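Chemist: below is the sequence, then the predicted model.
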Amino acid sequence: MRPTQILVLGAGAGGTMAANMLDRKLDHDVEITVVDESPDHHYQPSYYLIPFGHMEAEAQHRPVESLLRTDVEFVQARVEGIDPDARTVSTDANSLEYDYLITALGNRLAPEAVPGMKAAWEETDSVYPFYHYDAAVGLRDAIRDFDGGQFLVTVPETPIKCGGAPLKMAMLADDYFRDIGIRDDVDIAVGKPAPTPFGTPPSPKAHYNGKVEEIWAERDIEFLPEFEVSEIAYGEDRVIASDGREVEYDLYAPVPPQYGRKALVEHSPLTGDGEYVTVDKHTLQHDDYDDVFAIGDNTNLPTSRTASAVRKQVHVLVNNLDAALSGRPLSAEYDGYTACPLLTEEGKAMIAEFDYEDPIAAPVETRSNWVLDVNVIPPMYWNMWMRGYDPVP
C-alpha cells in the first residue's frame, strides 16, 4: 500500500511549521511535500523593524530547504490551479496528486491595484510599500536621508496581514525622528478606511484602541479616519482619497492592497465566491472538501492575519489531520487566538492579544513586551516553530 500523500501549498510560516510538525507527530505512513515558488523564507514581522535599524535585513531570510525536515520534500514551483475533485494541483512545472491538501499560500500583495502606487515605488525615492522586503530595505535607506517634512502611512480597504504593522510603522518613525533630533521638523499621519486606528466594537481588538489613541495624542501622530486611497499622484507627491481629500507627503509608507492568490480565486472552487479559502473556523477543514484544510492568510477565518495566529492554527490542523487519517471525528478547535505586539517606541511595546470573542491581555506598555518581540521571538521562530517544535499549543 502506498503512503498517504500530504501536499502543503506554501512555505511561509504556516506551511513550513505545519509540514515539519506533521512529519514529527503523525504516526502514519505519509509522504509530505511542500510547494512554493520562492526558494527563500522571509521573517515578515521584521519588515517594520528594518527601516529603523532594529533588525538587520540580511538576517531575516533562510533557504526553504534548510528549514524543512529531511523527510519533507520541497518542490520549487508556482501553484497555478487546484482541482479538488481530481485531487490534483497544477503548477508551472507539472501536476501533483494528493490525498490530503493543506493550503497555506498566504495572500497576494497588489500595489498595482492603486493607480500610481507601483510606479511611485519604482520611479521615485519617496514611496515604499513596506510589506515587500525590497521596499522595507529601500525605506531604511530613505529614512536615513530624510531631514523633515510629511511622513505618511496609509492602510487599504482590503484585509491585510498584521493589522498592527502600519501603526507600528508610525510610532517607530516618531521615536526614530525624536532620537535623531528632527521630530519638530516632521509631521506624521496615518490614513485608514476606518473610524478608529485599531479595531472598532464589537471587535475584541477595540479593547486596545483607546491606548493607541492616547499614545498618538501625546506624541502628535495624526489619524486620518475613513481615508481610502484611490490614487497616488506621485509626480506631485500627493495621495488622493476616494472622498476627494488630498494629503501631501515627503516620505510615504503605504500598505499595499491584499487579495487572495489567483490560483485559489480564479483556478479552484476552494474560495467560493470570495477571495479566501472557506473553512470551518474551528476545525480548519474546508466547507465542501473533507480532504482539504487551510491555515493562515489564505483563509476566510474571522481573525487577524498574524504569525501568532497561524502558530495556534497549526496545532489544530495537526490534531485534526491525524484524526482524519485515523477515521476519528475532528475534535481540535481553533478559538481565533491571535497576538499582535504593538511596538510603541524603542524599548516599549503593548501586546494586543485576543480570540474570536474577547481580549486577553491588558493594554499596557512594558519593556518585557519589546524584548519578547524583538529579541526572544525571532530565534524561537527560526529554531523552534519553523522546525515543527512548539511546546505550547
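Modeler: Sure, I can see it. Numbering: from 1, shown residues only.
Chemist: same question for the top helix by length along the chain, mean pLDDT?
Modeler: Ranked by number of residues, the top helix in the chain under DSSP state H is helix 307-326. On average, the pLDDT along helix 307-326 is 97.
Chemist: can you check stretch 61-76 too?
Modeler: The average of the pLDDT scores along stretch 61-76 is 98.
Chemist: mind checking the end-to-end distance for it?
Modeler: Stretch 61-76 has its terminal residues 16 Å apart, counting by CA to CA, to the nearest Å.
Chemist: pull out the buried positions in it.
Modeler: By neighbour count with 16 or more other CB atoms under 10 Å, stretch 61-76 contains the buried residues 61, 64-65, 67-68, 72, 74-75. For every residue, glycine as well, the C-beta is placed using N, CA and C.
Chemist: do the same with stretch 274-283
Modeler: Quick answer for stretch 274-283 (16+ other CB under 10 Å): 275-283.
Chemist: quick one: end-to-end length of it, please.
Modeler: End-to-end distance for stretch 274-283: 20 Å, by CA to CA.
Chemist: what pLDDT, on average, does that stretch get?
Modeler: For stretch 274-283, the mean pLDDT works out to 98.
Chemist: other residues contacting stretch 217-230?
Modeler: For stretch 217-230, contacts defined as CB atoms under 8 Å, 6 or more residues apart in numbering pick out 114-115, 117, 154, 156-157, 170-171, 174, 187-197, 213, 215-216, 239-243, 245, 247, 254.
Chemist: may I see the ChimeraX selection of the buried members of those residues?
Modeler: Applying 16+ other CB under 10 Å to these leaves a buried subset, and the ChimeraX line that selects it is:
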select :114,117,154,156,170,171,174,187,188,189,190,191,192,193,194,196,197,215,216,239,240,241,247,254
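Chemist: please flag which of the contacts of stretch 217-230 sit within helices.
Modeler: 117, 170-171, 174, 213, 215-216.
Chemist: quick one: pLDDT of residue 243?
Modeler: 97.
Chemist: show me where the stretch 51-200 of the chain has helices.
Modeler: In the stretch 51-200 of the chain, the helices defined using DSSP state H, counting those that start in this stretch lie at 64-67, 117-123, 133-145, 165-179.
Chemist: now do the second one: which elements does it pack against?
Modeler: In this structure, helix 117-123 packs against strand 229-233, with contacts taken as 3 or more CB pairs under 8 Å, 6 or more residues apart in numbering; DSSP states H and E.
Chemist: check which residues of the strand it packs on are buried.
Modeler: Neighbour-count burial for strand 229-233 flags 229, 232 (criterion: 16+ other CB under 10 Å).
Chemist: now do that strand: distance to the chain's middle.
Modeler: Averaging C-alpha coordinates over strand 229-233 and over its chain gives two centres that are 23 Å apart (CA atoms, centre = their mean, to the nearest Å).
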